[in-house]
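Q: pasting a predicted model and its sequence here:
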Amino acid sequence: MLNIISIFLGGGIGAVARYLISCNMAKYFEINLPAATFCVNIIGCFIIGFLYILFIEKAEISPALKLALTVGFCGGLTTFSTFSLELFEMIGNHQFFYAFAYIILSVTICLLMTVTGAYLAKLI
């Protein structure tokens, strides 16, 4: 039961963080790519890569906290469903170049951020 509560709390915090980032990014960025989703996915990939190494190699952390931070927070912060919907809308609006760029940039940069997070965690 503690694990479920931990995931619930972490997910809520992650989802609120995503919402706040989206609200603030919409004020400052006017580009054709969905900047807020792109940003939270990059941040979430970095965090989960960092935590993965930290949890496996470095720290003794309770299973409930691990779940709160990874499944909960990172799961609530990042969003593949929104990414997919935004791509669907771009394709529907015949923005094929932007859709392709968004796919390539998201997958490539998010993977690099996961690797970077894992690498930095190893340095600790």
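A: The structure has been received and is ready for your questions. Residues are numbered from 1 along each chain as shown.
Q: helices or strands up against the helix or strand of the chain at the bottom of the mean pLDDT ranking?
A: In the chain, the helix or strand scored least confidently by mean pLDDT, DSSP states H and E is helix 80-92, which has a mean of 89. The contact analysis (3 or more Cβ pairs under 8 Å, 6 or more residues apart in numbering; DSSP states H and E) places helix 80-92 against helix 35-53, helix 96-123. Placement of C-beta: from N, CA and C, glycine included.
Q: quick one: contacts of that helix?
A: Pro34, Thr37, Asn41, Phe96, Tyr98, Ala99, Tyr102, Ile103, Ser106 (Cβ atoms under 8 Å, 6 or more residues apart in numbering).
Q: need the least confident one among the helices and strands packed on helix 80-92, by mean pLDDT.
A: Mean pLDDT across those is lowest at helix 35-53; the value there is a mean of 92.
Q: so after it, what's the next helix or strand?
A: The helix or strand immediately downstream of helix 35-53 is helix 63-67, counting by DSSP states H and E.
Q: for that next one, buried residues please.
A: Ala64, Leu65, Lys66, Leu67 (16 or more other Cβ atoms under 10 Å).
Q: same check, this time on stretch 65-81
A: 65-79.
Q: what's the first-to-last distance across it?
A: 25 Å (Cα to Cα, to the nearest Å).
Q: from the contacts of helix 80-92, list the buried ones, please.
A: For the contacts of helix 80-92, buried by 16+ other Cβ under 10 Å: Pro34, Thr37, Asn41, Tyr98, Ala99, Tyr102, Ser106.
Q: a markdown table for these, including distance to Leu123?
A: Supplementary listing: the buried ones among the contacts of helix 80-92 in a markdown table, determined by distance: Cβ to Cβ, whole Å:
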| residue | distance to Leu123 |
| --- | --- |
| Pro34 | 32 |
| Thr37 | 29 |
| Asn41 | 24 |
| Tyr98 | 36 |
| Ala99 | 36 |
| Tyr102 | 31 |
| Ser106 | 26 |
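Q: ok, so of those residues, who is nearest Lys122?
A: Checking those against Lys122 with Cβ to Cβ, the nearest one is Asn41 at 22.5 Å.
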